[in-house]
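[1] Test case, fold it:
(4 chains)
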2 protein chains.
Amino acid sequence: MATRIQKQVRQQMLKDKLHVSPFVTDEELAAFLTVSVQTIRLDRLELGIPELRQRTKQMAENAQTKLKSIGSGELVGELIDLELGRSGISIMQVTQDMVFEKTRVARGHYVFSQANSLALAVIDAPIAVTGVANIKYKIPIHVGEKLVAKAEVMKQRGNKYFVWVKTRNDKQEVFRAKFIIVTLAEHDEPIGIKQ
Amino acid sequence: MATRIQKQVRQQMLKDKLHVSPFVTDEELAAFLTVSVQTIRLDRLELGIPELRQRTKQMAENAQTKLKSIGSGELVGELIDLELGRSGISIMQVTQDMVFEKTRVARGHYVFSQANSLALAVIDAPIAVTGVANIKYKIPIHVGEKLVAKAEVMKQRGNKYFVWVKTRNDKQEVFRAKFIIVTLAEHDEPIGIKQ
DNA sequence: TTGGTATTAGTACTTACTGATAAAAATAGG
DNA sequence: CCTATTTTTATCAGTAAGTACTAATACCAA
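    Model (predicted):
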């Protein structure tokens, strides 16, 4: 029994090690855990951990998609429901890297980004930019919360759309915004937006 | 001369191909460009492009750091000048991945993020969150522009700070925001922010 | 002492290369 | 048109970091 526990401990150490530094070869792992390379291979097999190259590739791949979805994706958050020109709903999980280290309170611009990109998505036009926004953060938002944003198009006047977005966690409304979204022609004229 | 042009064209195609799909082996590249694998190797050598594995690894590595710097840094933009409690200036270069593909117009939340994080940086308090924001996007912003945001604390009432941020490109004002920033006590109370 | 798990050793094979060297093909210059 | 040079292709040996498999050994407990 003693060895079996040893094994489990070693496999846990292996997982931890790879979590901290993913670019480690079997050989280095073997040296680190003072076992043979073959043992490392068996452990990886049992734990379903792919080889270094596969791991590296996976990271590179989903790093790209992550970058797209967080930073430069067309939409921040996950679109749940959409009635073009009328309303839309998106959800976003608040993760570690969205909050201030000290307070673990979410940075405002993430919540804004979710709301803003949802408001843009709802507009039924090929090209739209935000013209004006009125925003109220009602309650500090913390790590782990799931934010549900609902957007509604309140009215339309010419190429201006008035969109309200309300964001709730599971308990209450935490954020609210009014946007004026402006749609542009294909070759964007220098539209000065007057409120 | 004809071959030399051919060669340059091919090498450009090679670069483009790798830009679009970076996880391609020399063999696949050779098939794609209908030359031998050796030619691909020579081309990569001349262009200073590393082998597939190196490329993959590099992407995996700097994807992690990129995520941090774009999405979750304490400050969006580069802080140029700061008078705590009074004013601050930050600049931000508008890059490819901040704009909509179709229009090459900047997504609103980047400009907002710059302004918002600058407004927070100016406040002379350990913990501060955005309470309310009034925002106006005056002119569409394009790739390559350098945005200079200036923040000024207009007044303070209790734990509420009123901060104005004006953002200019090299020619004119493109964005303007009024923030009400609220400072919190160390153990954040459930402060309901009433406008 | 026997059985069973855990570990180690060893071999053959794979992918995606590097590096070097040589031959063949294409092209330019006179 | 022929030669010189450039460009491309071919060939071989070697590398890292594996997979997949088999055989041997160690250990521990009943």
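[2] and chain A, which residues reach DNA strand C?
    A:3-4, A:6-7, A:10, A:35-36, A:38-39, A:42 (Cβ under 7 Å from any atom of the strand). C-betas here are computed from N, CA, C, even on glycine.
[3] filter the residues you listed to the buried ones?
    Buried by 16 or more other Cβ atoms under 10 Å in any protein chain shown: A:10, A:35, A:39, out of those.
[4] Filter these down to just the ones in strands.
    Judged by DSSP state E, those include no members of strands.
[5] from the residues you listed, which single one is nearest DNA strand D?
    residue A:39 (10.8 Å; Cβ to the nearest atom of the strand).
[6] Now do the same contact list for that closest one.
    Counting by Cβ atoms under 8 Å, 6 or more residues apart in numbering or on different chains, residue A:39 makes contact with A:30, A:33.
[7] so how far is residue A:18 from it?
    Shown here: residue A:39 relative to residue A:18, a distance of 15 Å by Cβ to Cβ, to the nearest Å.
[8] Then residue A:149?
    With distances taken as Cβ to Cβ, residue A:149 is found 36 Å from residue A:18.
[9] For those two, indicate the residue with more neighbours.
    Per other Cβ atoms under 10 Å in any protein chain shown, whichever of residue A:149 and residue A:18 has more neighbours is residue A:149, with 26 against 17.
[10] For chain A, name the helix or strand with the lowest mean pLDDT.
    Of all helical and strand segments in chain A, the minimum by mean pLDDT, DSSP states H and E falls on helix A:52-67, at a mean of 71.
[11] so how far is the helix or strand that that one is followed by from its chain's centroid?
    Counting by DSSP states H and E, the element after helix A:52-67 in chain order, helix or strand, is strand A:78-83. Taking Cα atoms, centre = their mean, to the nearest Å, the mean C-alpha location of strand A:78-83 is offset from the chain mean by 16 Å.
[12] C-alpha coordinates for whichever strand or helix holds residue A:174, CSV please?
    Assigned by DSSP H and E, residue A:174 belongs to strand A:173-183. Only the C-alpha atoms of strand A:173-183 are listed here, as CSV (Å, rounded to 0.1, in the frame of the first residue of the first chain):
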residue,chain,number,x,y,z
GLU,A,173,-28.9,44.6,-10.6
VAL,A,174,-25.2,45.5,-10.5
PHE,A,175,-24.9,47.8,-13.5
ARG,A,176,-27.0,49.8,-15.9
ALA,A,177,-26.2,51.7,-19.1
LYS,A,178,-27.8,53.8,-21.7
PHE,A,179,-26.1,53.8,-25.1
ILE,A,180,-26.7,55.8,-28.2
ILE,A,181,-25.4,53.7,-31.0
VAL,A,182,-24.8,55.3,-34.4
THR,A,183,-24.9,53.3,-37.7
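[13] which residues in chain A form helices?
    Ranges of helices in chain A, per DSSP state H, are A:2-20, A:26-33, A:37-47, A:52-67, A:108-122.
[14] By mean pLDDT, show me the worst of these.
    Sorting these by mean pLDDT places helix A:52-67 lowest, at a mean of 71.
[15] okay, now the closest residue to residue A:87 other than its chain neighbours: neighbour count?
    Among residues not flanking residue A:87 along the chain, residue A:152 sits closest, at 4.8 Å (Cβ to Cβ, 6 or more residues apart in numbering or on different chains). Neighbourhood size, residue A:152 [other Cβ under 10 Å]: 15.
[16] Residue A:152 reaches residue A:163, doesn't it?
    Yes. Contact between residue A:152 and residue A:163 holds when scored by Cβ atoms under 8 Å: they sit 6.9 Å apart.
[17] Mark out where each domain of chain A begins and ends.
    A:2-69, A:75-183 (automatic domain parsing).
[18] before we move on, back to that, and the residues of chain A next to DNA strand C, which is closest to residue B:90?
    In terms of Cβ to Cβ, no member of these lies closer to residue B:90 than residue A:10, at 49.1 Å.
[19] so who does that closest one touch?
    Applying Cβ under 8 Å, 6+ apart, the residues near residue A:10 are A:33, A:35, A:43.
[20] Distance check, it against residue B:141.
    From residue A:10 to residue B:141 the distance is 54 Å (Cβ to Cβ).
[21] Burial check on residue A:60, number of neighbours?
    Residues contacting residue A:60 under the criterion other Cβ under 10 Å number 20.
[22] and if you look at residue A:163?
    27.
[23] ok, it touching residue A:123?
    Yes. Under the criterion of Cβ under 8 Å, residue A:163 makes contact with residue A:123 at 7.3 Å.
[24] Give me the common contacts of the two.
    With Cβ under 8 Å, 6+ apart, residue A:163 and residue A:123 have common neighbours A:153, A:181.
[25] who are the neighbours in contact with residue A:109?
    B:76, B:109, B:112-113, B:116-117.
[26] from those, which is closest to residue A:137?
    So of the contacts of residue A:109, ranked by how close each gets to residue A:137 (Cβ to Cβ), first place is residue B:116, at 10.4 Å.
[27] Distance of the residue lying closest to residue A:172 once chain neighbours are set aside relative to DNA strand D?
    Spatial nearest neighbour of residue A:172, chain neighbours left out: residue A:139 (6.7 Å); criterion: Cβ to Cβ, 6+ apart. Counting by Cβ to the nearest atom of the strand, to the nearest Å, the separation of residue A:139 from DNA strand D is 47 Å.
[28] got it, and residue A:33?
    Residue A:33 is 14 Å from DNA strand D, by Cβ to the nearest atom of the strand.
[29] so what's that residue up against?
    By Cβ under 8 Å, 6+ apart, the residues touching residue A:33 are A:10, A:13-14, A:17, A:39-40.
[30] Could you do residue A:149 as well?
    The neighbourhood of residue A:149, defined by Cβ under 8 Å, 6+ apart, consists of A:77, A:89-92, A:114-115, A:118, A:165-167, A:175.
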